[in-house]
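*Asks:* Sharing a model that was predicted from the sequence below.
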Amino acid sequence: MNKDFTFNIKSIRFDENYRPSSNTRITTNFANLARGESREENLRNTLKMINNRFNSLAEWDNPQGDRYSVELDIISVDMNIESNAESFPSIEILKTSIVDHHSSTRIEGIVGNNFSSYVRDYDFSILLLEHNKDQTKFSIPENFGDLHGKLFKNFVSSKSYTENFSKPPVICLSVSTTKTYHRTENQHPILGVEYKQDDFSLTDQYFGKMGLKVRYFMPKNSVAPLAFYFRGDLLSDYTNLELIGTISTMETFQRIYRPEIYNANAAAGKTYQPSLKNQDHSFTQIVYDREERGLLAVQQGKFTEEQFIKPYKDILEKWAESYSN
């Protein structure tokens, strides 16, 4: 099979009125914040944190610290496998836009940021766990992440992507708790101090198969580096405001989701190993159920196995064999 799949892109605004849809793919993290008695307060406080962080980094010509606000859209991508079959929810990413209230302009931000994928849930929560179930030593299945990586690269090079987005994606995630990071002398005016490590994490390797490189930066007034996954040149391909939009958004989510690392009371030093067992941290006033998130990842992985991996096994294998970048 040498014909590429096609993709349908849907967009929904992430604001204090956001309600997860029951019939489209929603990012577990966002859905978690938008449920329960505290949903509106959660969303309002999250957006306020993002805006405050943005203005603290974009401090030039911004004496009151209120010049900018960030708008967020959840981008859901459905993949069409066969012309007569139902589409499958492929991935979900986040798009930032920056509103400049001084000039009354709206500036396009970066697409990517957060990253949610059913096939990734299957790979990590089903395939990887099943592979290691009876193993005495942890190992990775052969060709782990190959299909997912090719599907992602196929989407980014598709007509649907290029018609909707002007630049390649940047995904910003937490650093790995299994690796040690070392501060370098390199410092970027927006991204901050660069950290490096001696060995890539499993997530780094997985995103590498998606055609994405990784660098680690700790922005000003942050307490831990973030992992930035990108194509091309992260430091040259994006404007300062585009980078600030991604930093302010994803650092805020990480402060909520991983306060042990990103809301710690002490900043990372020259040598840094993140830990979710760190007790010296503060909680945000935003309610988030991390345990539920883990359970949903398994459920979504099983859904992928039954609705995508098994039914389309032959088609996917033939497509992957013939796929070229």
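*Replies:* Okay, I see it. Since the structure is predicted, the reported quantities are computational estimates derived from the model, not experimental observations.
*Asks:* okay, the residue nearest to the spatial centre of the chain: pLDDT?
*Replies:* The geometric centre of the chain, computed from its C-alpha atoms, lies nearest to residue 114 (C-alpha atoms, centre = their mean), at 2.3 Å. Residue 114 is assigned 92 on the pLDDT scale.
*Asks:* start the count at 18, not 1, going forward
*Replies:* OK, 18 is where the count begins now, so the last one is residue 131.
*Asks:* Can you classify it by secondary structure?
*Replies:* strand (DSSP: H, G, I helix; E, B strand; the rest coil).
*Asks:* Over to residue 151?
*Replies:* Quick answer, by three-state DSSP: residue 151 is coil.
*Asks:* Give me the pLDDT for it.
*Replies:* The model's pLDDT for residue 151 equals 81.
*Asks:* Check the gap between it and residue 132 for me.
*Replies:* 31 Å (C-beta to C-beta, to the nearest Å). (Glycine included, C-beta is placed from N, CA and C.)
*Asks:* same deal with residue 150?
*Replies:* For residue 150, the distance to residue 132 (C-beta to C-beta) stands at 26 Å.
*Asks:* between those two, who's got more neighbours?
*Replies:* For residue 150 and residue 132, the more surrounded residue by other C-beta atoms under 10 Å is residue 132, and the numbers stand at 20 against 7.
*Asks:* Run through the residues that contact that one.
*Replies:* Counting by C-beta atoms under 8 Å, 6 or more residues apart in numbering, residue 132 touches 108-110, 188, 190.
*Asks:* Same question for residue 197.
*Replies:* Here residue 197 is in contact with 214-215, 288-290 (C-beta under 8 Å, 6+ apart).
*Asks:* any low-confidence regions in the protein?
*Replies:* Scanning the chain for pLDDT under 70 picks out 18-21, 38-49, 52-53, 101-102, 304, 306-311, 342.
*Asks:* try 50 this time
*Replies:* Scanning the chain for pLDDT under 50 picks out 18-19, 40-44.
*Asks:* Can you check my assumption that residue 190 lies in a strand?
*Replies:* Yes: under three-state DSSP, residue 190 falls within a strand.
*Asks:* any idea how far residue 225 is from residue 247?
*Replies:* 12 Å.
*Asks:* which residues are in contact with both of the two?
*Replies:* residue 231.
*Asks:* who's more crowded, those two?
*Replies:* residue 247 (24 against 15).
*Asks:* Not counting sequence-adjacent ones, nearest residue to that one?
*Replies:* residue 187 (4.7 Å; C-beta to C-beta, 6 or more residues apart in numbering).
*Asks:* show me where the stretch 168-317 of the chain has helices.
*Replies:* 176-181, 219-225, 257-274, 276-279, 307-321 (DSSP state H, counting those that start in this stretch).
*Asks:* So which of these is the most surrounded?
*Replies:* helix 257-274 (a mean of 23; mean count of other C-beta atoms under 10 Å).
*Asks:* picking up where we left off before, surely the residue nearest to the centre of the chain meets residue 110?
*Replies:* Yes: under the criterion of C-beta atoms under 8 Å, residue 131 makes contact with residue 110 at 6.5 Å.
*Asks:* which neighbours do the two share?
*Replies:* Common neighbours of residue 131 and residue 110 (C-beta under 8 Å, 6+ apart) are residue 188.
*Asks:* Now for the contacts of residue 197: which two are most distant?
*Replies:* 215 and 289 (12.9 Å; C-beta to C-beta).
*Asks:* between those two, which one's more packed in?
*Replies:* residue 289 (22 against 8).
*Asks:* residues contacting that one?
*Replies:* 197-200, 212, 241-242.
*Asks:* are any of these buried, and which?
*Replies:* The neighbour-count test (16 or more other C-beta atoms under 10 Å) marks 198, 200, 212, 241-242 as buried among the contacts of residue 289.
*Asks:* Please put the alpha-carbon coordinates of the helix or strand hosting residue 146 into CSV.
*Replies:* Using DSSP states H and E, residue 146 falls within helix 145-148. Provided in CSV are the C-alpha atoms of helix 145-148 (Å, rounded to 0.1, in the frame of the first residue of the first chain):
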residue,chain,number,x,y,z
LEU,A,145,5.3,-2.3,26.5
LEU,A,146,3.7,-3.7,29.7
GLU,A,147,2.7,-6.9,28.0
HIS,A,148,6.2,-7.4,26.6
